[in-house]
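[1] with the sequence up front, the predicted model follows.
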Amino acid sequence: MIILITGGGGPTGQALSAHFAKHGHTVIAVDKDDVDLLDRAAVQELARSVEAEHGRVDGVFHLVGGWRGGKTFAETDLADWDLLHDLLVRTLQHVSLAFEPLLRKSGNGRFAIVSAKAAERPTAGGAAYAAAKAASEAWVMSLADGLRDTGSAATVLVVKALLNDAMIAAKPEAKFAGFTHVDTLAEAAAALYERPAEQINGTRLDLTQ
């Protein structure tokens, strides 16, 4: 399979890249130093280059993330919204619009983002973050509707927060209750191919349970 991972430079992207590569798949991992995902023309050029070399894409895992928040609702800084909109929403729009045609060609493609429980139950200080995550989820559900007549699927993977080995090493006594390890997330991403597209298209898979 041909797997594209955006936000590939972080611990989550590295975990997914390693998992798919270990199982013999071709992984294209890009980060901000490779492609500016806020530049729609650059993203479209990335899609053209992938199509020229591979003819399709079988997986797009959009892992660009970020968090900003405050203590109270009234103290919300709308500059945080501007930042999170670009990171969580605009990059998603550019990537999904550019790669949807290649997912349709796959016949067994998967598109997924990582969302957060905060989108369901926002806190007073996390309004900007929760709203950006909710908007991202709605966008993916629209993509799923567009893919419903194909063998491909778009899915939201929901976590409380992500955990990696560096975090564990930095705080060995911490419990990290409810966190999802990036290796577990990678396994969940790969498992999307084990179920028929119609079963997972347009769904939210809660990895905290």
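    Perfect, I can see it now.

[2] just checking, what's the longest helix in this protein?
    helix 127-147 (DSSP state H).

[3] any idea how far stretch 97-106 is from the middle of the chain?
    Its chain's C-alpha centre and that of stretch 97-106 lie 16 Å apart, by C-alpha atoms, centre = their mean, to the nearest Å.

[4] list the buried residues of it.
    Ala98, Phe99, Glu100, Leu102, Leu103, Arg104, Ser106 (16 or more other C-beta atoms under 10 Å). For the C-beta atoms, the positions are set from N, CA and C on the backbone; glycine is no exception.

[5] any idea which of those is closest to Ala134?
    Checking these against Ala134 with C-beta to C-beta, the nearest one is Glu100 at 21.1 Å.

[6] give me the element that closest one is part of.
    Assigned by DSSP states H and E, Glu100 belongs to helix 91-106.

[7] so that helix versus helix 127-147, what angle?
    Angle, helix 91-106 to helix 127-147, by axes from the mean of the first three to the mean of the last three C-alpha atoms, to 10 degrees: 20 degrees.

[8] which strands or helices does helix 91-106 pack on?
    If you count contacts as 3 or more C-beta pairs under 8 Å, 6 or more residues apart in numbering; DSSP states H and E, helix 91-106 packs onto strand 2-6, helix 40-54, strand 59-62, strand 110-116, helix 127-147.

[9] between these, which gets nearest to Gly24?
    Counting by C-beta to C-beta, and looking across all of the helices and strands packed on helix 91-106, nearest comes strand 2-6 at 10.9 Å.

[10] using PDB, write out every CA atom in that closest one.
    Only the C-alpha atoms of strand 2-6 are listed here, as PDB (Å, rounded to 0.1, in the frame of the first residue of the first chain):
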ATOM      1  CA  ILE A   2       1.000   3.600  -0.500                       C
ATOM      2  CA  ILE A   3       0.600   5.500   2.800                       C
ATOM      3  CA  LEU A   4       0.900   9.300   3.200                       C
ATOM      4  CA  ILE A   5       1.500  10.600   6.700                       C
ATOM      5  CA  THR A   6       1.300  14.300   7.200                       C
END
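
[11] which outside residues touch that strand?
    13, 16-17, 20, 25-31, 35, 37, 50, 54, 56-64, 91, 95, 99, 106 (C-beta atoms under 8 Å, 6 or more residues apart in numbering).

[12] and Val158, backbone torsions?
    phi -110, psi 130 (degrees, to the nearest 10).

[13] any idea how many residues pack against it?
    Val158 has 22 neighbouring residues, counting by other C-beta atoms under 10 Å.

[14] ditto for Asp39
    Neighbours around Asp39, by other C-beta under 10 Å: 13.

[15] mind checking pLDDT for the closest residue to it other than its chain neighbours?
    In this structure, Asp39 finds its nearest non-sequential neighbour in His94, 7.7 Å apart by C-beta to C-beta, 6 or more residues apart in numbering. In this model, His94 is scored at 98, pLDDT.

[16] could you count how many residues lie near Lys117?
    By other C-beta under 10 Å, the burial measure for Lys117, its neighbour count, is 17.

[17] ok, Ala189 next?
    Residues near Ala189, counting by other C-beta under 10 Å, number 25.

[18] in CSV, list the C-alpha atoms belonging to the host helix or strand of it.
    Assessed by DSSP H and E, Ala189 sits inside helix 182-191. Written as CSV, here are the backbone C-alpha positions of helix 182-191 (Å, rounded to 0.1, in the frame of the first residue of the first chain):
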residue,chain,number,x,y,z
VAL,A,182,1.3,6.4,19.9
ASP,A,183,2.1,2.7,19.2
THR,A,184,-1.5,1.8,20.1
LEU,A,185,-2.7,4.5,17.7
ALA,A,186,-0.5,3.1,15.0
GLU,A,187,-2.1,-0.3,15.5
ALA,A,188,-5.5,1.2,15.4
ALA,A,189,-4.7,3.0,12.1
ALA,A,190,-3.5,-0.2,10.5
ALA,A,191,-6.6,-2.1,11.8
